[in-house]
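Chemist: What follows is a predicted structure for the sequence shown.
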Amino acid sequence: MTTTGSITTEKIWSILSAITDPEIPVLSITDLGIVRAVNVHEDVVEVVITPTYTGCPAMDVIAMNIRMELLAAGYNNISVVTVLSPAWTTDWMSEAGKEKLKAYGIAPPNPVQQVCNSSFFVPAEAVQCPHCQSWNTRRISEFGSTACKSLYQCNDCQEPFDYFKCH
């Protein structure tokens with residue numbers, strides 16, 4: 001934990017953990033894993049973030065919300081830095097975040113599995129329905145309600161649902 005005067009990284013992380021993603025309000029930005037670092041330099045609070053996708057439209061809102069929440073908490077010198085490398089991966093999501101997605105009706109990311117199709121292997125994702133827990137699902141569209149999700153439908157309960165793409 002870094003401390004400078006009354007500024008501690010622990011306090012900053014606590015504030016950040018209450019900021020939700022504007023596209024998926026059930027997730028905090030720390031659950032999503034886009035906050036890469038919190039640094040304190042004298043009286044400057046620096047928050048380093050990485051978008052889930054380059055050009056993600058939510059990043060401007062997230063940066064603004066970080067500034068607003070830190071200002072409301074009494075921090076006046078704030079720097080929000082966006083870094084693109086290394087690229088964000090679903091491995092950075094917290095397990096609690098993945099459970100929140102599922103409870104919200106969005107299938108959380110799963111590891112890519114290999115299945116045999118004729119004489120060659122084609123990557124396929126086994127996606128569990130967040131409504132009835134069936135694995136008997138099919139992808140309807142590579143693109144869902146946002147760029148980071150695909151649209152699926154359960155063949156058992158017939159409910160459509162978003163799947164948070166693994167990458």
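Modeler: That came through fine.
Chemist: Could you check which helix or strand contains the residue lying closest to residue 37 once chain neighbours are set aside?
Modeler: Leaving aside its chain neighbours, residue 37 sits nearest to residue 48 (4.1 Å; criterion: CB to CB, 6 or more residues apart in numbering). For the C-beta atoms, the positions are set from N, CA and C on the backbone; glycine is no exception. Using DSSP states H and E, residue 48 maps to strand 44-49.
Chemist: then that strand to PDB, C-alphas only?
Modeler: These are the backbone C-alpha positions of strand 44-49, laid out as PDB (Å, rounded to 0.1, in the frame of the first residue of the first chain):
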ATOM      1  CA  VAL A  44      -1.400  13.300  -7.500                       C
ATOM      2  CA  VAL A  45      -3.600  10.300  -7.800                       C
ATOM      3  CA  GLU A  46      -3.000   8.300 -11.000                       C
ATOM      4  CA  VAL A  47      -5.400   5.600 -12.100                       C
ATOM      5  CA  VAL A  48      -4.300   3.400 -15.000                       C
ATOM      6  CA  ILE A  49      -7.000   1.800 -17.100                       C
END
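Chemist: Show me what that strand is packed up against.
Modeler: Packing partners of strand 44-49 (3 or more CB pairs under 8 Å, 6 or more residues apart in numbering; DSSP states H and E): helix 9-16, strand 35-41, helix 58-72, strand 77-82.
Chemist: Just the mean pLDDT for stretch 158-165, thanks.
Modeler: Mean pLDDT, stretch 158-165: 93.
Chemist: mind saving the C-alpha coords of that stretch as CSV?
Modeler: The C-alpha trace of stretch 158-165 is given here as CSV (Å, rounded to 0.1, in the frame of the first residue of the first chain):
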residue,chain,number,x,y,z
GLN,A,158,-35.5,-20.8,-25.7
GLU,A,159,-34.3,-17.7,-24.0
PRO,A,160,-31.9,-15.4,-25.8
PHE,A,161,-28.9,-14.1,-23.8
ASP,A,162,-25.7,-12.2,-24.2
TYR,A,163,-22.3,-14.0,-23.8
PHE,A,164,-19.3,-12.0,-22.7
LYS,A,165,-16.7,-13.0,-25.3
